[in-house]
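1. I would like the atomic coordinates for the input below:
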Amino acid sequence: MRLVMTEPVGPTDRPYARRWWALLVLCLSLLIIVMANTALTVAAPDMTRDLGLSGADLQWVIDGYTVPYAALMLLLGAIGDKYSRRGALVLGLVVFGGGAVFGSLADSAATVIAARAVMGVGAALIMPATLSLLAATFPRAERAKAITLWTATAGLAIAAGPVVAGALLKNHGWASTFLINVPIAAVALVAAFVLVPPSRAGHHDRIDYVGGALSVLWIGALVYMIIEGPHFGWDAKAVTAAVVAGAGLVAFVLWELRHPRPILDVRRFTGRRFAGSNLAVALFFLAVFGAFYYLTQHLQFVLGYDALATGVRMLPLAGAVFAGSALTGYLTPRVGMKWTVTAGMVGGTVALALLTRVDGTSSYGDFVAPLIVLGLAIGLALSPCTDAIMGAFPESELGVGGAVNDTSLELGGSLGIAILGSLLSTSYSGHLADATEGSKLPADTLATAQDSVGAGYAVAQGIGDKAQQLAERAAHTADPQQAAQLKAQAQQLVEGARQMKDAVGSSFADAVSHTSLIGAVILGAGTLAVALLLPRGTHRDQDPAAAEQTEAENPEVGALN
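-> Numbering: from 1, shown residues only. The predicted structure is shown next:
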């Protein structure tokens with residue numbers, strides 16, 4: 001075996017012999033960039049306490065990763081096509097690992113946000129490179145199976161992140177959730193040279209950097225608006241971002257329509273299969289990321305599981321993703337992607353509908369069925385969509401194709417957390433105000449409790465601590481009458497703390513139910529739109545024109561980097 005793989009795939013007459021080992025490297029690279037977000041959800045409380053993060057700080061610690069990740073993918077995917085797809089993967093792993101080390105050493109909100117942004121740049125290099133290298137390495141007959149495994153890895157990462165982070169947090173600080181990415185990135189980096197063949201477009205004209213810059217502008221502004229507006233209010237910054245996003249999108253479309261070699265031919269979106277697949281990916285991850293956002297909170301705060309226990313209880317989702325992926329590999333060639341994708345989206349809608357039954361008395365058992373149905377739905381719907389999106393691009397634009405798929409995914413996820421997260425917060429606040437009406441709770445204390453479910457339980461804990469202090473004073477008071485008064489006050493506070501805790505739990509459960517209903521309506525409406533857009537048929541999921549171009553360019557795919 002060669003120490004470094006230098007032979008490109010294209011010139012050989014037979015499929016690359018180590019392609020399944022190469023896929024393992026690509027899936028390992030995908031694993032860490034998805035886990036970087038899901039692991040943070042369980043590390044956030046420790047990080048908030050140690051660094052003294054405000055609510056706004058914590059939000060940007062999470063989303064500082066998302067903005068560069070989503071905004072840069074299209075441009076970096078095109079650069080990888082022209083110069084080196086494997087080079088983009090390797091550089092991305094280096095940048096991502098460096099950002100992880102930087103994050104583990106952070107001692108302030110600003111430095112940890114900056115580290116997350118650096119990791120987002122690395123992810124923007126890695127994500128489209130994994131799909132473009134997959135498509136360049138596997139023959140068309142095996143590509144759907146490889147994409148199915150790639151998708152299943154993403155599902156595994158969603159559930160594995162909290163498990164790994166929870167296990168680390170048992171004996172280590174939150175910095176360990178950053179450092180776990182470093183050895184994995186190092187292994188993937190070395191393995192990329194040994195197992196992944198070099199690849200770039202056989203011929204590629206000058207990159208449309210103006211179009212690329214416009215894509216960075218409008219996508220970055222859109223994601224910033226999605227984050228800023230719902231969470232922090234529609235102030236001048238959010239409104240300005242909305243205007244920039246709208247103007248940038250219009251300028252991007254007009255420029256791409258006029259450019260002879262655009263970075264992205266926006267006419268592709270007039271194809272029903274391509275448009276429907278991108279819409280399905282965006283809507284599905286809107287539902288998945290939104291649901292994951294409030295399910296982990298419910299398991300941790302309301303049901304009282306620690307970080308590791310929360311992650312373990314999300315594992316049925318990962319197992320179901322693998323089962324759904326195996327099922328779509330069997331069904332799609334027989335019934336066509338229209339039916340498997342629609343069935344998956346219907347399953348996602350049903351999973352959210354099942355969550356509307358959640359109330360203050362719900363236990364973990366009430367979440368198992370929704371998690372399994374949601375996992376099956378992910379496995380059914382996403383692989384065919386990714387295959388269709390990648391199939392719509394010629395071999396010279398595989399990096400761009402991967403970036404389009406991943407941008408749809410990231411925009412959908414950002415919208416899910418923003419929209420469903422905002423609805424959850426509003427619903428929780430309203431239900432808590434109703435539940436505590438007449439409790440004589442000070443207005444500022446109620447406002448604090450309404451900020452989040454974690455803050456609500458902190459208020460309840462604070463009331464309980466005051467009760468304990470009064471009880472201790474009563475035990476050390478010599479005056480029997482005063483001791484009796486203190487004991488009575490302590491008992492009232494104990495009861496108030498219990499009522500507050502019950503009110504917070506039931507209010508958040510009601511908010512989960514209400515938010516799930518809205519999510520089910522959104523995904524249900526989207527399912528109808530996708531079902532109408534996607535054409536029937538069991539033929540290969542790509543446009544005929546793109547297929548012809550792919551065949552014509554295929555011999556040149558593997559030009560050396």
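
2. Report the mean confidence score over the host helix or strand of residue 21.
-> Element membership for residue 21 (DSSP states H and E) is helix 19-51. For helix 19-51, mean pLDDT rounds to 86.

3. Buried residues in it, which are they?
-> For helix 19-51, the neighbour count (16 or more other Cβ atoms under 10 Å) marks 19, 22-48, 51 as buried. In this view, the C-beta of every residue, glycine as well, is placed from N, C-alpha and C.

4. go on, stretch 270-277?
-> 271, 273, 274, 275, 276, 277.

5. contact partners of it?
-> Residues from elsewhere that reach stretch 270-277 (Cβ atoms under 8 Å, 6 or more residues apart in numbering): 268-269, 337, 341, 384-386, 388-389, 392, 530, 533-535, 541-543.

6. 6 Å - rerun?
-> Stretch 270-277 has contacts (Cβ atoms under 6 Å, 6 or more residues apart in numbering) with 268, 269, 385, 388, 389, 392, 530, 533, 534, 535, 543.

7. again with stretch 63-81
-> For stretch 63-81, the external contacting residues (Cβ under 6 Å, 6+ apart) are 88, 113, 116-117, 119-121, 123-125, 128-129, 201, 204, 207, 212, 215-216, 219-220, 223-224, 227, 263, 397, 399-400, 402-403, 406-407, 410, 414.

8. Narrow those residues to those in helices?
-> Using DSSP state H, 88, 113, 116-117, 119-121, 123-125, 128-129, 212, 215-216, 219-220, 223-224, 227, 399-400, 402-403, 406-407, 410, 414 are the members of the contacts of stretch 63-81 that sit in helices.

9. ok, back up a step: show the buried residues in the contacts of stretch 270-277.
-> 268, 385, 388, 389, 392, 530, 533, 534, 543.

10. Give me the nearest residue to the fourth one, chain neighbours excluded.
-> Nearest non-adjacent residue to residue 389, counting by Cβ to Cβ, 6 or more residues apart in numbering: residue 405, 4.5 Å away.

11. Just the pLDDT for the one you found.
-> pLDDT recorded at residue 405 is 91.

12. cool, the one 3 residues further on as well?
-> Among the per-residue scores, residue 408 shows a pLDDT of 91.

13. now swap in the one 10 residues further on and tell me
-> Model confidence at residue 418, expressed as pLDDT, equals 81.

14. Can you point out the helix or strand that includes it?
-> Residue 418 belongs to helix 398-435 when elements are defined using DSSP H and E.

15. now that helix against helix 19-51, angle please.
-> 40 degrees (axes from the mean of the first three to the mean of the last three Cα atoms, to 10 degrees).

16. could I get the helix or strand following helix 398-435 in PDB with only the CA atoms?
-> Downstream of helix 398-435, the next assigned helix or strand under DSSP H and E is helix 443-451. Extracted C-alpha coordinates of helix 443-451, given in PDB (Å, rounded to 0.1, in the frame of the first residue of the first chain):
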ATOM      1  CA  ALA A 443     -42.400  40.900  38.700                       C
ATOM      2  CA  ASP A 444     -38.600  40.800  38.300                       C
ATOM      3  CA  THR A 445     -38.400  37.300  39.600                       C
ATOM      4  CA  LEU A 446     -41.100  36.100  37.200                       C
ATOM      5  CA  ALA A 447     -39.300  37.900  34.300                       C
ATOM      6  CA  THR A 448     -36.200  36.000  35.200                       C
ATOM      7  CA  ALA A 449     -38.000  32.700  35.300                       C
ATOM      8  CA  GLN A 450     -39.700  33.400  32.000                       C
ATOM      9  CA  ASP A 451     -36.300  33.800  30.300                       C
END
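
17. elements contacting whichever helix or strand comes after helix 443-451?
-> Moving toward the C-terminus from helix 443-451, the next helix or strand (DSSP H and E) is helix 453-475. Counting contacts by 3 or more Cβ pairs under 6 Å, 6 or more residues apart in numbering; DSSP states H and E, helix 453-475 packs against helix 443-451, helix 480-533.

18. Try it again at 10 Å.
-> Here helix 453-475 touches helix 19-51, helix 272-297, helix 398-435, helix 443-451, helix 480-533, going by 3 or more Cβ pairs under 10 Å, 6 or more residues apart in numbering; DSSP states H and E.

19. and the helix or strand just after the second one, how far out from the chain's middle?
-> The one in question is helix 272-297. Moving toward the C-terminus from helix 272-297, the next helix or strand (DSSP H and E) is helix 307-312. The chain centre lies 18 Å from the centre of helix 307-312; the measure is Cα atoms, centre = their mean, to the nearest Å.

20. For residue 123, see how far away the closest residue to residue 225 other than its chain neighbours is.
-> Excluding the flanking residues, the one nearest residue 225 by Cβ to Cβ, 6+ apart is residue 241, at 3.9 Å. In this view, residue 241 and residue 123 are 21 Å apart by Cβ to Cβ, to the nearest Å.
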